[in-house]
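Peer 1: Predicted model and sequence below, questions to follow.
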Amino acid sequence: FFNTSVDDLLGYEPQMSKQDVKQLYRKLVKEFAAKPFEDVYGQCRTYEKKYFSCWNLQFHIALLLVNHANLAGSPEKTRTIILESEKIFARVATECDDVRLARQAISLRAFCFLATNQPALAIDLLGDLVELPMSIEVLLSKAYQMKGEHQKAKSLLQGYLYHHIMGIMTACPDFMMMYMDDPAKVKDGFQRFMDMGDIFEVGSMQPHTYLPIFLTAAQVYITQGDNDGALEMLDRYVEKLKSPGLFPLKLKGNEFLDSLDGFFESLDLGTEAPRSKEVIKQSMVEAITHNPAFEAIRSEDKYIKIVKKLERLMKEELK
């Protein structure tokens, strides 16, 4: 009659362990790829209500929805789900005691605002949070080194380097978009990012890091009237998909950054991708075939060959 439960009346707040949350996340990721969206979405809502005060689960349910909202079937439904996720992130940010989780929730709230075309809200949320980074990992690394725990010190320091190298590489698409009206700056910036990737052998760790870079470069070149440059970038996009060990997408180190296991273990999802292999590959194809930015080159022979090569490659990968 009062739309409540005995659990609510007694103040019972069920909690899930981090391991259980990780396992549930992986299970739902697979189901989003194999079952109707509404069925899995309903499961997410059920877990969200049942574990209303389990902040780690709440965060990951919202993360799951954000990563699969594009499967909802319409732009309106996608927007609704992203806004729903923003409300969950807001609760996590304001009510949980885990500072790290709260800061992640704030960042993802801002992402939700941007994804729903509300930049002013993102600025209001993040504007006062800009600060000089304090290298906590570097300080901790020094402390463990002084204690003689050298492997722990190496792992922390390498994790710090890895995090910032990847952060710089993922800034490349935004850099190119920001200087779209300056072709020389775009080409110079693109080459500098490529050089840095070569120096730290990013391709041997995360070859998929290059995919949004090539895709954005193609879009920028189209806008600048450089159709040949755009086609070259799309070709490089498809060639990068042939990289050994690209799938399944997982976090890993290389010969230089060879002590990252501890860093990866500290992440909530470990080395796993936040979406299934099938959903990721579908989005990789649609990023080219359904992208209105490439309308000007859609009839060119080289573009058609690139699309056919991409579709053939993805079919082979999904076998």
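Peer 2: Perfect, I can see it now.
Peer 1: Which neighbouring elements make contact with the host helix or strand of Gln104?
Peer 2: Using DSSP states H and E, the element containing Gln104 is helix 99-115. For helix 99-115, the helices and strands in contact under the criterion 3 or more CB pairs under 8 Å, 6 or more residues apart in numbering; DSSP states H and E are helix 55-68, helix 75-95, helix 119-126. Where you see a C-beta, it was placed from the backbone N, CA and C, and this is true even at glycine.
Peer 1: Can you tell me how far the residue nearest the centre of the chain is from His60?
Peer 2: Nearest residue to the geometric centre of the chain (CA atoms, centre = their mean): Pro274, 7.2 Å. As judged by CB to CB, to the nearest Å, Pro274 and His60 stand 9 Å apart.
Peer 1: what is the orientation angle of the one helix or strand Glu31 maps to with helix 55-68?
Peer 2: Secondary structure assigned from DSSP H and E places Glu31 in helix 18-34. For the pair helix 18-34 and helix 55-68, the angle between their directions (axes from the mean of the first three to the mean of the last three CA atoms, to 10 degrees) equals 20 degrees.
Peer 1: which outside residues touch the helix holding Gln104?
Peer 2: Outside of helix 99-115, the residues within contact range by CB atoms under 8 Å, 6 or more residues apart in numbering are 55-56, 59, 62-63, 66, 82-83, 85-86, 89-90, 92-94, 96, 119, 121-122, 125-126, 129.
Peer 1: Buried residues, that helix. List them.
Peer 2: Counting neighbours by 16 or more other CB atoms under 10 Å, one finds that the buried residues in helix 99-115 are Leu101, Ala102, Gln104, Ala105, Ile106, Leu108, Arg109, Ala110, Phe111, Cys112, Phe113, Ala115.
Peer 1: now, among those residues, which is nearest to Tyr162?
Peer 2: The shortest gap between Tyr162 and any of the buried residues of helix 99-115 belongs to Gln104, at 17.3 Å (CB to CB).
Peer 1: re the thing from before, make CSV out of the helices and strands packed on helix 99-115 and add distance to Pro36, mean neighbour count and mean pLDDT.
Peer 2: As requested, these are exported to CSV (distance: least, CB to CB, whole Å; neighbours: other CB atoms under 10 Å; pLDDT from 0 to 100):
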stretch, distance to Pro36, mean neighbour count, mean pLDDT
helix 55-68, 12, 23, 96
helix 75-95, 13, 17, 96
helix 119-126, 32, 13, 95
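Peer 1: Which of those helices sits closest to Gln145?
Peer 2: Ranking these by their distance to Gln145 (criterion: CB to CB) puts helix 55-68 first, at 30.9 Å.
Peer 1: hey, C-alpha coordinates of that closest one in CSV?
Peer 2: Backbone C-alpha positions of helix 55-68 (Å, rounded to 0.1, in the frame of the first residue of the first chain) are rendered in CSV as follows:
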residue,chain,number,x,y,z
TRP,A,55,28.0,2.7,-4.6
ASN,A,56,30.4,0.5,-6.6
LEU,A,57,27.5,-1.3,-8.2
GLN,A,58,25.6,1.9,-8.8
PHE,A,59,28.6,3.4,-10.6
HIS,A,60,29.1,0.3,-12.8
ILE,A,61,25.4,0.0,-13.7
ALA,A,62,25.5,3.6,-14.9
LEU,A,63,28.8,3.0,-16.7
LEU,A,64,27.2,-0.1,-18.4
LEU,A,65,24.3,1.9,-19.5
VAL,A,66,26.4,4.8,-20.9
ASN,A,67,28.5,2.3,-22.9
HIS,A,68,25.4,0.6,-24.4
